[in-house]
Structure formats: structure tokens, C-alpha cells
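# how would this look folded up:
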Amino acid sequence: MTVFFMIGAFVLGSIPFGVIIARTKGIDLKKTGSGNIGATNVLRSVGKGAALFTLAGDLLKGALAVMLARYLSLGEAAADLIGICAILGHDFSMFSGFKGGKGVATSLGVLLVCSPVAGGASVAIWLIALSIWRYSSLSALLAFFFVPMNIYLFDYSANKLILGITIMLLIVYKHRANIERLLRGTEPRVSKK
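Residues are numbered from 1 along each chain as shown. Model (predicted):
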């Protein structure tokens, strides 16, 4: 049963809300801005409203996958694994040639259900970092870098710690190009408008 839900979570995570929402505005998101399918590129390419819908859709993909696993009493480890599959679906979307987004919102959705304390701390860190430096990528990297530590200190279980480390590593992996641009000083900032 767990394998069935892992596959279902991957398919759910693969739904490219950013691409779909941008397309309703006549915009090919993959050929616009950074080419990323997430909320930040939607914000730059389409606007705030579309970005909020994208953020909500991507966040819900992760949250719903874990909530369903918990509702069916599949166990904490299985629910965490199903959450990871939803993130992998977003990161490597089967509907986008197995190319996807950075996984920030979907990871947050998983985290808010699996460890609300760590998820809430991530939101706070992201908002503070964004208000100071105006880099969406740097804010995400900082927010998720501290996830394992927050889980260890405030909401520890071995399963949650493994989940937190896995999410952090996926976020870093998907932000490789952003890290290079940050180091070169060429990463675009989020507009204050």
C-alpha cells in the first residue's frame, strides 16, 4: 500500500501549477524569466496573484500527500517517505520532461505537516532573510539549512531528523546554479514592488 501512495505522491507532486497558471495568461513559463516553474518565476513573469496561487498549489501538494498518509495510519516513516516522493515529483516533474522546480513550497508543505515547529521556523527564517537581502534563493537555502537543527532541538524523532536532512540536501541540490550566481554576485533580487 505504501508503494502505491509513494507513486501517487510523485504524480501529485509532478503537477506544475506554475506552468498551468502562467499558461492561462498566455505565458510559457519555461521560456520566461529564469525558466523555473515555481512561484518566484511566476511572480517575476506573471504577477503577484498568479504567484500566490502557484505557491498555494505547490505547498498543498506536499501537505496533502502527508496528510492522506497520516489519515490512513500508514505510520510516521511511511508518511515522511510519501512526502519526499511529492517533493521529488515537483523537483523532477513527469509532466515537464522530469525537469521541475526547486521544491521550496512543496518541501514546506511536507514539513508543516510532519514537523510544524520546524516548518514554522523555516517560514520565519525565510521571511527575515528575504526582508534583509531580497534574494529568494538565499532565503530558501537559509530557511532549510536550519531544518535538521530545529528538528533536533525542538521536535526530535529519528524519522523527522532523516526527513529534515533529506529535504535540506534536496533544496541545496536544486539550488546549485543559484549558489553559483550568489557567489558571483549575479543572482537577481526579488523586487520590493
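
# Next, please give the residue ranges for the strands of the chain.
Here the chain has no strands by DSSP state E.

# How far off centre is the lowest-mean-pLDDT helix or strand in it?
In the chain, no helix or strand scores lower on mean pLDDT, DSSP states H and E than helix 39-45, which sits at a mean of 92. Computed by C-alpha atoms, centre = their mean, to the nearest Å, the separation of helix 39-45 from the middle of its chain amounts to 14 Å.

# same check, this time on stretch 95-104
Distance, centroid of stretch 95-104 to centroid of chain: 10 Å (C-alpha atoms, centre = their mean).

# How about it, which residues are buried there?
Neighbour counts over stretch 95-104 (16 or more other C-beta atoms under 10 Å) mark 96, 100-104 as buried. Bear in mind the C-beta positions are built from the backbone N, C-alpha and C, glycine included.

# now what about it, what contacts it?
Defining contact as C-beta atoms under 8 Å, 6 or more residues apart in numbering, one finds that stretch 95-104 is touched by 14-16, 18-19, 30, 36-39, 58, 87, 89-93, 137, 140, 144, 170-171, 174-175, 178.

# who are the neighbours in contact with Met67?
Val113.

# Can you give me the buried ones in the longest helix belonging to the chain?
The longest helix of the chain (DSSP state H) is helix 48-71. Going by neighbour count (16+ other C-beta under 10 Å), the buried part of helix 48-71 is 50-51, 53-55, 57-70.
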